[in-house]
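Chemist: Please find the sequence and the predicted model below.
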Amino acid sequence: MSVRYTEFHPRWHRPRMSVFWWVGRRSYLVFVLRELSSVFVAWSVVFLLLLVHAVSQGGKQYQQFLNLSSNPWMLALNVVTLAFLVFHAITWFNLAPQAMVVRIRGKRVPRSAIAGAHYAAWALLSALAAWLIVG
Amino acid sequence: MPDQIILQVTRYRPERELEPTTQEYEIPLHEEWAILDGLNHVKDQLDGTLSYRWSCRMGICGSCGMTVNGEPRLTCATFLTDYRPGPIRIEPLRNFPVIRDLVVEIGDFMRKLPEVKPWLIRDEDVAAPDGELLQTPAELDEYKQYSMCINCMLCYSACPIVGLEEGFLGPAAIALAQRYNLDSRDKGAHERMEVLSTAEGVWGCTFVGECTTACPKGVDPAGAIQRYKLTAATESLRSFLLPWRSA
């Protein structure tokens, strides 16, 4: 076939992005899971509010809430929620140094120190919560 | 006699085919050859019809970006031996229309780039030597990293948001805006904010982070965008609380 000269650009090929563009690459998959984890973060807040509401309504309501929480499907949902919350926190803390530029006396604080501070705060608050619940 | 390696190159010849196809070329595997050298060998010795862009062959011009085994790479800085025994799949950059073979259409990026005004904006221009603008090494360090961008568009190829959202300004344009925003000589941050602090600007970014991974010059566009999100949020909060102070 002879090549024809055209004054303007000939037909461009425009590749379409697959709906499953995030499946084939680990970093894209981690990103989509991190976005999805927000749903579980929201659910954990709702669950906590339900708990507070039940406590405020008295012993009977609280017992009902405990019964609901011990349902196998509710337990399964909350185990998945916990896994996503941990995933959300770890990925978020690992990304934080990229967004935060902190300077002390003109020198930039290293990335590991910023991430480390996040993890330290997390451990401290978890220990405080554990002390409040168990202690 | 050197070893051989196979290049699986995407071909798209709009005058004779509707969809891209793949063509294999067997080339010598020299230790010192980058993928671009392999493509030049194909063009010179095996098939003169193959089309691709290149210029400086030393990581400065940003012309030879392609997708190598699924990764956006500068082909002049990616060596054949790292892919031994092959084959090596070479495709055009993703998220761009393909004009021919490995040549992509970059007009979209070229239109978006000036929107962020990537140049020094001053209240008034004073000619040198009176207008000499001095900077300390610390002030230079503030933006130097972002000034390393060579507009190779590997970050656009790596970013799924660029592929999904047509209007998104994209990583390099935002990083270049930050290059000037953080320059002590520049006074244009407020003008740029109108373009940057929008859904098509920094708020379109969902922090996948692949732009930074793909960048061959260590620019870290993802970091630039997240930093600017903080700046934009602080600024809008300030203009809400202290409306008389915002310009």
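Modeler: That came through fine.
Chemist: Identify the residue spatially nearest to residue A:27, adjacent ones excluded.
Modeler: Nearest residue to residue A:27 in three dimensions, chain neighbours excluded: residue B:210, at 5.7 Å (C-beta to C-beta, 6 or more residues apart in numbering or on different chains). Glycine gets a C-beta too; all of them are placed from N, C-alpha and C.
Chemist: how deep is that neighbour tucked in, by neighbour count?
Modeler: By the criterion of other C-beta atoms under 10 Å in any protein chain shown, residue B:210 has 24 neighbours.
Chemist: which SSE is the closest residue to chain A within chain B in?
Modeler: Among the residues of chain B, residue B:226 lies closest to chain A, at 3.3 Å counting by C-beta to the nearest C-beta. Assigned by DSSP states H and E, residue B:226 falls within helix B:221-241.
Chemist: buried ones in that helix?
Modeler: The neighbour-count check on helix B:221-241 (16 or more other C-beta atoms under 10 Å in any protein chain shown) flags B:221, B:222, B:223, B:224, B:225, B:226, B:227, B:228, B:229, B:231, B:232, B:235 as buried.
Chemist: Closest to the centroid, which residue in chain A?
Modeler: Taking C-alpha atoms, centre = their mean, the centroid of chain A lies closest to residue A:88, which sits 2.6 Å from it.
Chemist: Pull the contacting residues for the nearest residue to it once chain neighbours are set aside.
Modeler: Closest residue in space to residue A:88, ignoring its immediate chain neighbours: residue A:37 at 4.0 Å, by C-beta to C-beta, 6+ apart. Counting by C-beta atoms under 8 Å, 6 or more residues apart in numbering or on different chains, residue A:37 touches A:84, A:85, A:87, A:88, A:91.
Chemist: now residue A:40
Modeler: Residue A:40 sits next to A:80, A:81, A:84, A:85, A:88 when contact means C-beta under 8 Å, 6+ apart.
Chemist: Which entries within those meet the buried criterion?
Modeler: Listed as buried from the contacts of residue A:40 are A:81, A:84, A:85, A:88; burial here means 16+ other C-beta under 10 Å.
Chemist: what number of residues lie near residue 63?
Modeler: Here I'm looking at chain A. 11.
Chemist: try chain B instead
Modeler: 20.
Chemist: cool, residue B:33 as well?
Modeler: Neighbours around residue B:33, by other C-beta under 10 Å: 18.
Chemist: OK, contacts around the nearest residue to it once chain neighbours are set aside?
Modeler: Residue nearest to residue B:33 in three dimensions, not counting chain neighbours: residue B:80, with 5.0 Å by C-beta to C-beta, 6+ apart. Each residue near residue B:80 by C-beta under 8 Å, 6+ apart is listed here: B:5, B:27, B:29, B:30, B:33, B:34, B:35, B:37, B:38, B:88.
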